[in-house]
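>>> need a structure here:
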Amino acid sequence: MQIDVFTPLPHAFSWMTEQRPLAAVLGSELDLRLWNYRDFTPLGGGQVDDEPYGGGAGMVLRVDVVHAALAAVYGELGGRRVLVLSPQGRQLDQELVEELAREKELTILSARFEWFDERIVEHIATDAVSIGPYVLSGGELPAMVLVDAIARRLPGAIREESGAVETFSAALDGGAEFPQYTRPPEFNGWSVPDVLLSGDHARIESWRREQSRERTLS
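Predicted coordinates for the structure are as follows:
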């Protein structure tokens, strides 16, 4: 899978090539490419944004700059999905992550400004995605969240069984994951539930299902 991120701050993503699960799939299942708008801007001095028409605070990412960057990298977009990151977009959930992980190519547009020129959203992007109902100072963190969520669903990122039974997975009917424990069996008076130490796999599975249901309902 190829994911292209267009951003004014490509260096902010450098850690992603060093951390698992991303590092495990980069160069094999995931081709992550970072592009700086400033390398393609048709304006002088590396300008990529401008003051909003009608007045107001902040700067707006220019449509001609984004168009020039995409044209330089792709020529024609074809059927490629182009995502803008916006608190006004479709809420990111595991269903959307799984949907995007099935794509062969994705483009993510990130901005560290007041917003995108609306013509980018209307005429260039195919999707607007939000990681939550709140506002951040830039699109780099949402882009990283999106890339990380997608990358861990690609082959080789994590063990298949690790992703098969977790919160929002089909194995748990989209519900919450059950609580997990490890050694020591008792610490500071806090004990691991006896059922998990019983060795009875049928009882353990039943307990986990019940815990998942309770957490989901709560």
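>>> now the residue positioned nearest the centre of the chain: which helix or strand?
Closest to where the C-alpha atoms of the chain average out (CA atoms, centre = their mean) is residue 146, at 0.8 Å. Assigned by DSSP states H and E, residue 146 belongs to helix 140-151.
>>> using PDB, write down the CA coordinates of that helix.
What follows is helix 140-151 as a C-alpha-only set of coordinates in PDB (Å, rounded to 0.1, in the frame of the first residue of the first chain):
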ATOM      1  CA  GLU A 140       0.100  16.500  11.400                       C
ATOM      2  CA  LEU A 141      -1.200  14.600  14.500                       C
ATOM      3  CA  PRO A 142      -4.400  13.500  12.800                       C
ATOM      4  CA  ALA A 143      -2.400  12.400   9.800                       C
ATOM      5  CA  MET A 144      -0.200  10.300  12.100                       C
ATOM      6  CA  VAL A 145      -3.200   8.800  13.800                       C
ATOM      7  CA  LEU A 146      -4.700   7.800  10.500                       C
ATOM      8  CA  VAL A 147      -1.500   6.400   9.100                       C
ATOM      9  CA  ASP A 148      -0.800   4.400  12.200                       C
ATOM     10  CA  ALA A 149      -4.300   3.000  12.400                       C
ATOM     11  CA  ILE A 150      -4.200   1.900   8.800                       C
ATOM     12  CA  ALA A 151      -0.600   0.500   8.900                       C
END
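>>> and it, what does it pack onto?
For helix 140-151, the helices and strands in contact under the criterion 3 or more CB pairs under 8 Å, 6 or more residues apart in numbering; DSSP states H and E are strand 2-7, helix 22-25, strand 81-91, helix 94-101, strand 105-109, strand 127-130. Just so you know, the C-beta spots here come from the backbone N, C-alpha and C atoms, and that holds for glycine as well.
>>> worst average pLDDT in these?
For the helices and strands packed on helix 140-151, mean pLDDT drops lowest on helix 22-25, to a mean of 68.
>>> measure residue 204 to residue 181 for me?
Distance, residue 204 to residue 181, by CB to CB, to the nearest Å: 11 Å.
>>> and the two? which has more neighbours close in?
It is residue 204, of residue 204 and residue 181, that has more neighbours when counted by other CB atoms under 10 Å, with 16 against 12.
>>> next one: phi and psi at that one?
Here is the backbone geometry of residue 204 (degrees, to the nearest 10): phi -60, psi -40.
>>> let me know the next secondary structure element after the helix or strand bottoming out on mean pLDDT in the chain.
Lowest by mean pLDDT, DSSP states H and E among the helices and strands of the chain is helix 160-164, with a mean of 59. Using DSSP H and E, the helix or strand that follows helix 160-164 in sequence is strand 186-187.
>>> I'd like the average pLDDT over that following strand.
Average pLDDT, strand 186-187: 96.
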